[in-house]
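Participant: Next come a sequence and a model predicted from it.
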Amino acid sequence: MTTPLPPADNERLVEELRAAIAARDEFIAIAAHELRNPMTPIVGQVQLLVSRARREQVSPALLHGLELLSQAVDHYVQRATALLEITRLNAGPVRLEPSTFDLCELVSDCVRKYEPLAARAGSTLHCELDPPVSGTWDRLATEQILDNLVSNAIRYGDGEPVTVHVASDPAWVMVRVVDHGIGVAPADRERIFERFEQASGARSGGFGIGLWLSRKLVEAQAGTLELESEPGVGSTFIMRLPRDVTATR
């Protein structure tokens, strides 16, 4: 029979474990930061090459290759950013950096960024906006949410069109990302928002953290992220945010 450790030893072990976890999270954050930052100039150069190739009407094969490279670089940066966000969440409440910007402009930028991915999936992206929709949110967090929702809709949209709607009133904004793909079974609709979870039958190489992270970032801004879905018909993710997150603190 194992002899219980004295209370003082238990407390010491708990503190050592906490220190080890904190050191691990700090290492992951530093590694993700160092891996992501050098990619910033590379992203810019690749985008310039893609724009120049389109303008000069180079061969379709070359343009396609550059678009694939651009998408691969974007995915790399997104995954490094996701690691940073996870360590931020593990460290405690998310520290927001609010700024005022036009949400419709951010949505339009996101849609343009994912058009090549949608085209390769046999899909199309559409915006239905109510511009301008100016408000105060954490721009990086909001961009991360939109990236996750749009890429998710393309991945599970079964080659059908994807539409992003933006609507607003004086107090709230609402973004709806609609696909017409495989849908989500009722039993999975909350589970897919958990960490490392995916819908049953999902065909993806992802980590299963995108929707979990998105909901956490939405909730950190005093908003909600919900799912309406029917298997075989499609899914609609609905994000609601207050017009000014600083007014909710």
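Facilitator: Arrived safely, thanks for sending.

Participant: Stretch 72-79 - what's its average pLDDT?
Facilitator: Mean pLDDT, computed over stretch 72-79, is 77.

Participant: Show me where this structure has its helices.
Facilitator: 7-36, 39-55, 60-90, 103-120, 139-156, 210-220 (DSSP state H).

Participant: just checking, residue 135 touches residue 98?
Facilitator: No: Residue 135 lies out of contact with residue 98 (CB atoms under 8 Å); the separation is 9.4 Å. The way it works is simple: take the backbone N, C-alpha and C, and place the C-beta from them, glycine included.

Participant: What mean pLDDT does stretch 116-130 get?
Facilitator: Mean predicted confidence for stretch 116-130 is 88.

Participant: Quick check: which ranges of the chain have low pLDDT?
Facilitator: 1-5, 7, 9, 21-38, 40, 82, 84-93, 195-208, 249 (pLDDT under 70).

Participant: Not counting sequence-adjacent ones, nearest residue to the residue most central in space within the chain?
Facilitator: The residue lying closest to the centre of the chain (CA atoms, centre = their mean) is residue 148, at 3.0 Å. Distances taken as CB to CB, 6 or more residues apart in numbering put residue 210 closest to residue 148, at 4.1 Å, once the chain neighbours are dropped.

Participant: who are the neighbours in contact with residue 219?
Facilitator: The neighbours of residue 219, taking CB atoms under 8 Å, 6 or more residues apart in numbering as the test, are residue 225.

Participant: ditto for residue 170
Facilitator: Residue 170 touches residue 243, counting by CB under 8 Å, 6+ apart.

Participant: State the phi and psi torsions of it.
Facilitator: Main-chain dihedrals, residue 170, degrees, to the nearest 10: phi -60, psi -30.

Participant: Let me know the distance separating it from residue 135.
Facilitator: 10 Å (CB to CB, to the nearest Å).

Participant: so what sits against both of the two?
Facilitator: What both residue 170 and residue 135 touch, as defined by CB under 8 Å, 6+ apart, is the set residue 243.

Participant: In contact with residue 148, which residues are there?
Facilitator: 210, 211, 213, 214.

Participant: nearest residue to residue 244 other than its sequence neighbours?
Facilitator: Closest to residue 244 by CB to CB, 6+ apart is residue 136, at 4.4 Å.

Participant: surely that neighbour meets residue 241?
Facilitator: No: in this structure residue 136 lies outside contact range of residue 241 using CB under 8 Å: 9.8 Å.

Participant: Show me this protein divided up by domain.
Facilitator: Domains of the chain are assigned by automatic domain parsing as 7-90, 98-248.

Participant: winner for burial among the ones you listed?
Facilitator: domain 98-248 (a mean of 18; mean count of other CB atoms under 10 Å).

Participant: ends of it, how far apart?
Facilitator: 12 Å (CA to CA, to the nearest Å).
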